[in-house]
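1. coordinates only, no sequence provided:
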């Protein structure tokens, strides 16, 4: 029968796939070239198949093909989406329009079939993005360029308790109308939105304070949505930053306190201790042999207090950011020699060994690198329980890393303190000292891109290991 149809040239010339069905059985009685190519079959092969054979295997159709064909024959044209399957088994989406046609005195159902796989893929991406937006942790509003709300996500509804329909079509006045906040923050946002539109901007971040609102402080990120280069709408992403603002205020307060401490340490305590040291040196000529040992103890303790003021000052400068870190190549060997010599002068009752040879390597650091080694050696001596503290300093270079080890013969560090010992405020081995030195070490080494840890020293004691990247 297909050979007798007189519309063949027109039929095969249509760009969309066309297939003719028997209205009573639904079987395929003809198909054009586009339909054959779309499915990967020849016309002869298609005439041996039915619509079920061409339907994707894993897809559950909403109705049987026979029912759809019969409905189109009796009730008129209808359009729907269907998932077909090519000859190689690949599934794809098509849009099908069924129409009743008569030719040669007979009635048929003509199906016009168009591949819509690309459109379905886009729709799937859009649906996925909508899912992301709906479940986002931040509130999201979409405004047109006049400030009218076109969309709000679920987070907005949950946070404010205002239903979506109350937002859409209104403006930010909903906030004041519903008692969510007062006028100033709403006016501030309205001005920011108008400015964003007027400037034809792409992105902008603003913060709005609303002490009486849903959030005390809100960060709003504005992003432009364009169509053919023209601004169509503005997405406002809203995040509660009240807790962050409180933290920043507290941090600022503590920073001010640290700066006050820095001034006290730098001037008052240090100046007083300088006077004390001067008087102690004056007393040396007036103390007999019996009291000389006690005088030396007081002198060393006073020098230690001065040293602690240096550590505290350096620590404060690091914490409050007063010290600009200008890293440059510094020779580790030279810094170690100078610091070990100073520590020997400060602790004549201890044995401080510097093993040689030392590597010629340099590391990217600054003048505070000496403070790292000073604090580690001080710690090794001050927390030592032996009559004669022994501290051994070594340095090696392996590949791109310079490793400095400060080992002692003291009591060691318990395993449960090995990580916490560098923490802010920790006092280490139950020491009456401030514990600030090791925290300063950790802060500085980390700033140089390195790492520091403590391990057991054999047969007893601890070893502090500093690893720094070579310059």
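-> Thanks, I have it. Everything numeric in this text was worked out from a predicted model, so none of it was measured.
2. in stretch 133-149, what's buried?
-> Neighbour-count burial for stretch 133-149 flags 133, 138, 139, 140, 141, 142, 143, 145, 147, 149 (criterion: 16 or more other C-beta atoms under 10 Å). Where C-beta positions appear, they are placed from N, C-alpha and C, glycine not excepted.
3. pull the most distant pair out of the residues you listed.
-> The most widely separated members of the buried residues of stretch 133-149, counting by C-beta to C-beta, are 138 and 145 (22.2 Å).
4. tabulate the buried residues of stretch 133-149 (a markdown table), appending distance to residue 286 and secondary structure.
-> A markdown table is the format used below for the buried residues of stretch 133-149 (distance: C-beta to C-beta, whole Å; DSSP: H, G, I helix; E, B strand; the rest coil):
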| residue | distance to residue 286 | secondary structure |
| --- | --- | --- |
| 133 | 83 | helix |
| 138 | 74 | coil |
| 139 | 77 | strand |
| 140 | 80 | strand |
| 141 | 81 | strand |
| 142 | 85 | strand |
| 143 | 84 | strand |
| 145 | 88 | coil |
| 147 | 85 | coil |
| 149 | 86 | strand |
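5. distance between the helix or strand where residue 283 lies and the chain's centre?
-> For residue 283, the element it lies in under DSSP states H and E is helix 270-283. Averaging C-alpha coordinates over helix 270-283 and over its chain gives two centres that are 52 Å apart (C-alpha atoms, centre = their mean, to the nearest Å).
6. and the pLDDT at the residue at the greatest distance from the centre of the chain?
-> Relative to the centre of the chain, and counting by C-alpha atoms, centre = their mean, the farthest-placed residue is residue 105 at 71.3 Å. The confidence metric pLDDT takes the value 80 at residue 105.
7. please state the backbone phi and psi of it?
-> Geometry field for residue 105 lists phi and psi as phi 80, psi 0, criterion degrees, to the nearest 10.
8. go through the chain and flag its longest strand.
-> In the chain, assigned by DSSP state E, the strand with the most residues is strand 91-103.
9. for that one, which positions count as buried?
-> Neighbour count says strand 91-103 has 92, 93, 94, 95, 96, 98, 100 buried, by 16+ other C-beta under 10 Å.
10. any idea which element residue 175 lies in?
-> Residue 175 is located in helix 173-177, with elements delineated by DSSP H and E.
11. what does residue 185 give?
-> The secondary structure element spanning residue 185 is helix 183-198 (assigned by DSSP H and E).
12. please state the offset of whatever helix or strand comes next after that helix from the chain centre?
-> The element immediately downstream of helix 183-198 (helix or strand, assigned by DSSP H and E) is strand 203-209. Chain-centre distance of strand 203-209: 20 Å, with C-alpha atoms, centre = their mean.
13. same thing with stretch 237-245?
-> With C-alpha atoms, centre = their mean as the basis, the distance from the averaged C-alpha position of stretch 237-245 to the chain average is 16 Å.
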